[in-house]
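Asker: predicted coordinates and the sequence they were generated for:
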Amino acid sequence: MAVKLNHTIVPSLDKVAGAQFLARILGLPEPQVFGHFVVVEMANGVSLDFDNQSPVTPQHYAFLVDDSEFDPIFARVQDEYIPYYADPGHRRKGEINTRDLGRGFYFTDPSGHNLEVLTRPYGSGRH
C-alpha cells in the first residue's frame, strides 16, 4: 500500500471561522463537524481538521489547483479585499507569480497561516 496523507490538524483561533474561510475562498463544500473538529475536505481525499488553539503558530498550507479553478479563487480573494502576494515572505504585494510556467499567490487566513494557491507543482516547469 502506498503511503498517503489522510488528514492534518490546523490550529485556529476560531475553528469554525477558519474552516469556513478556507472553504469559501477555495470554493469547497461547507465544512463538517467531526468530533470536536471542523473539517474541510480536499478533492484528493485529504482533510484539514480545524481545532481551536491559542496562541497559533502560523503554518504554511499550499493548494494545487487547475487553471480553471485559479481564476475564481483569485477573484474571491480580490472580492474580499484580502491582501495577496507573489512571494511567501509577503514582499510583492498585489502581484501573482509565474513559477514553473504556472500561476500562484499567497495570502493569510484569519489565524495567520500563510496560504498558497498554485497551478503547477514546484519543479514542473523550466523556471
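Answerer: Nice, I can see it.
Asker: buried set for stretch 95-114?
Answerer: Neighbour-count burial for stretch 95-114, counted by 16 or more other Cβ atoms under 10 Å, picks out 96-97, 99-100, 102-107, 109, 111, 113-114. From N, CA and C alone the C-beta is placed, and that goes for glycine too.
Asker: my bad, should have said stretch 116-126
Answerer: 116-120.
Asker: picking up where we left off before, how about the buried residues of stretch 95-114, which pair is most distant?
Answerer: The span of these, defined through Cβ to Cβ, is set by Asp100 and Ser111 at 28.2 Å.
Asker: hang on, the earlier thing: which of the buried residues of stretch 95-114 lies at the shortest distance from Lys15?
Answerer: For these, the nearest to Lys15 is Ser111 (9.2 Å; Cβ to Cβ).
Asker: dump the buried residues of stretch 116-126 to TSV, plus distance to Leu48.
Answerer: Compiled in TSV, the buried residues of stretch 116-126 are given as follows (distance: Cβ to Cβ, whole Å):
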residue	distance to Leu48
Glu116	14
Val117	14
Leu118	17
Thr119	20
Arg120	22
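Asker: which of these fall in strands?
Answerer: 116-118 (DSSP state E).
Asker: between those, which is nearest Pro72?
Answerer: For these, the residue nearest Pro72 by Cβ to Cβ is Val117; the value is 10.7 Å.
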